[in-house]
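K.L.:
need a 3D model of the sequence below.
(chains A, B, C and D)
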Protein chains: 2
Amino acid sequence: MSPGQPGFSTRERILGVAETLFARHGFAGASLRQVTAAAKVNLAAVNYHFGSKESLIEEVFRRRLDELNRHRLDALAAVAAKPEHTLEDVLDAFVRPALEQSMDDAGGSAFVRVLARAYAEHDERLRRFLSDNYGHVLREFAAAFGRLLPHLDKDELYWRLDIVAGSLTYAMADFGMIKRREAVGEHRERTVRHLIHFAAAGLRAP
Amino acid sequence: MSPGQPGFSTRERILGVAETLFARHGFAGASLRQVTAAAKVNLAAVNYHFGSKESLIEEVFRRRLDELNRHRLDALAAVAAKPEHTLEDVLDAFVRPALEQSMDDAGGSAFVRVLARAYAEHDERLRRFLSDNYGHVLREFAAAFGRLLPHLDKDELYWRLDIVAGSLTYAMADFGMIKRREAVGEHRERTVRHLIHFAAAGLRAP
DNA sequence: GGGGGTATCAAACGACCGTTTGAATACTAG
DNA sequence: CTAGTATTCAAACGGTCGTTTGATACCCCC
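P.N.:
The predicted model follows:
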């Protein structure tokens, strides 16, 4: 069960439910009344605990991004420590933490879709927030990729990484039209494998 | 100038403005009052000409998708007629029509972002509409790709095409965090080139 | 040149939005 | 137990939402 029920504080229930509803209906499309009703808390609780809907949205991001960033940087450090690491290793360090977070509870899988929503929102405020809390991780990965792909100049490298980030976002958020048949966990593991395989070839292209 | 002004019918002005506002603020985020105000038409005009907001959204899609589908299928037919066409040719037939449509007027470039929005909306109604009006084109391209990539079984092929579609959607919608410096047209041409290069390598991977 | 569909308009509908209030309740420290 | 703080609650605020209405203007054909 998602953390929208007893055993969790009001604050946690709101965050959990908001995450899934934002994923499902967008930030404008999910109302605080829907959120508080599903979380079984009073309507005013959102403004009491978070101040505003905008702040609630940011908190939904902060909570997961902090964790995701940490895991990604840890994984990258572990890879970099190996003397002969490959492109696939670095890609794995980037993709797998997102995968694992999206499986550790029901809310996590929603968050990946929330993140994809954020890309679709061209809202400047939200983009700045994401860039502030996310940019340094992307820069570290870019450096690691750059060392493994010395034949690409900086401009070319960033173009390709942008494409990788795009296909990752899209694939992890399950936007694709093609219907899947397997269980969620198995499907996601296959997604990661295909993504790494595809991205590695694209990055290595002359 | 976008078609939000004199010389265009009320209906066309609404469609043009709705397209850019939906791209900017999402379907829930852009209100009919904003749309009609920017189009300089009466609020009731939307319900008079389209029946409802939902139908307006669908009409925004239908108008551009019909044109895009036609151009893509024409380009694919032209490529298929060449006896020795390459993977890059088919990718170009898929990517370039989207590129050209997004440059022929100001609204077109907004539409690509609207399309990306639609992916983010997990709304079942909208997805069915897209699949009904878009699926046959994707299937034709899948067949063309399949003939050029006989080493991939059907399942593997669809996985990779899904990734290609994802990176295309993302890149064309300009979601990336990396800031671009060139003029819009030049930027878009470079996007297509990078995308085709990257996708071809990913598809050809063993 | 008047009649009839077509289009536009201001105004209003009820519903829902995010937020605020002030009282009621729960909890905790002295 | 009590004083004081932290939380929950029902209710209401003004505003905006999509949609409907009925009157008004337009336009073209008979």
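K.L.:
middle-most residue in chain A, spatially?
P.N.:
A:Val112 (4.3 Å; C-alpha atoms, centre = their mean).
K.L.:
the longest helix belonging to chain A and DNA strand C in contact?
P.N.:
Ranked by residue count and defined by DSSP state H, the top helix of chain A is helix A:53-81. Yes: against DNA strand C, helix A:53-81 shows contacts by C-beta under 7 Å from any atom of the strand at A:Lys53, A:Glu54. C-beta here means a position set from N, CA and C on the backbone, and glycine is covered the same way.
K.L.:
just the element for the residue nearest to the centre of chain A, please.
P.N.:
For A:Val112, the host element (DSSP states H and E) is helix A:106-120.
K.L.:
what is that helix packed up against?
P.N.:
helix A:10-25, helix A:53-81, helix A:87-104, helix A:124-148, helix A:154-172, helix B:106-120 (3 or more C-beta pairs under 8 Å, 6 or more residues apart in numbering or on different chains; DSSP states H and E).
K.L.:
that one to helix B:10-25, inter-axis angle?
P.N.:
120 degrees (axes from the mean of the first three to the mean of the last three C-alpha atoms, to 10 degrees).
K.L.:
for A:Lys82, phi and psi?
P.N.:
phi -70, psi 130 (degrees, to the nearest 10).
K.L.:
okay, the closest residue to it other than its chain neighbours: pLDDT?
P.N.:
Using C-beta to C-beta, 6 or more residues apart in numbering or on different chains and skipping the chain neighbours, the partner closest in space to A:Lys82 is A:Asp89 (7.0 Å). Looking at A:Asp89, its pLDDT reads 96.
K.L.:
burial count for A:Asp89?
P.N.:
19 (other C-beta atoms under 10 Å in any protein chain shown).
K.L.:
ok, A:Gly146 - contacts?
P.N.:
A:Leu152, A:Lys154, A:Leu157 (C-beta atoms under 8 Å, 6 or more residues apart in numbering or on different chains).
K.L.:
out of those, who's nearest A:Ala98?
P.N.:
Of all those, the one with the least separation from A:Ala98 (C-beta to C-beta) is A:Leu157, at 20.9 Å.
K.L.:
pull up the gap between the nearest residue to that closest one once chain neighbours are set aside and chain B, please.
P.N.:
Closest residue to A:Leu157 apart from its sequence neighbours, by C-beta to C-beta, 6+ apart: A:Gly146 at 5.5 Å. Here the distance between A:Gly146 and chain B works out to 14 Å (C-beta to the nearest C-beta, to the nearest Å).
K.L.:
for A:Arg96, same thing?
P.N.:
17 Å.
K.L.:
and that residue, what's its pLDDT?
P.N.:
Value listed for A:Arg96 in the pLDDT field: 86.
K.L.:
do I have it right that it meets A:Asp74?
P.N.:
No: judged on C-beta atoms under 8 Å, A:Arg96 makes no contact with A:Asp74 at a distance of 11.1 Å.
K.L.:
who has more neighbours, the two?
P.N.:
Between A:Arg96 and A:Asp74, A:Arg96 has the larger neighbour count (other C-beta under 10 Å), namely 16 against 12.
K.L.:
mind checking how far that one is from B:Leu76?
P.N.:
36 Å (C-beta to C-beta, to the nearest Å).
K.L.:
repeat that for A:Gly166.
P.N.:
A:Gly166 is 23 Å from B:Leu76, by C-beta to C-beta.
K.L.:
again, but for A:Gly29
P.N.:
For A:Gly29, the distance to B:Leu76 - C-beta to C-beta - is 36 Å.
K.L.:
looking at the two, which is more packed in?
P.N.:
Each of A:Gly29 and B:Leu76 has its neighbours counted (other C-beta under 10 Å); B:Leu76 has more, 22 against 17.
K.L.:
now that one: how far from B:Ser52?
P.N.:
Counting by C-beta to C-beta - B:Leu76 and B:Ser52 are separated by 35 Å.
K.L.:
so, low pLDDT: which residues of chain A?
P.N.:
Applying pLDDT under 70 to chain A picks out residues A:1-7, A:102-108, A:174-185.
K.L.:
for it, what lies in contact range of DNA strand D?
P.N.:
Near DNA strand D, when you scan chain A using C-beta under 7 Å from any atom of the strand, you find A:Ser9, A:Thr10, A:Val41, A:Asn42, A:Leu43, A:Ala44, A:Ala45, A:Tyr48, A:His49.
K.L.:
any idea of the angle the helix holding A:Val112 forms with helix A:87-104?
P.N.:
120 degrees.
K.L.:
how far off centre is helix A:106-120?
P.N.:
Relative to its chain's centre, helix A:106-120 lies at 6 Å (C-alpha atoms, centre = their mean, to the nearest Å).
K.L.:
right, I'll call it a day here.
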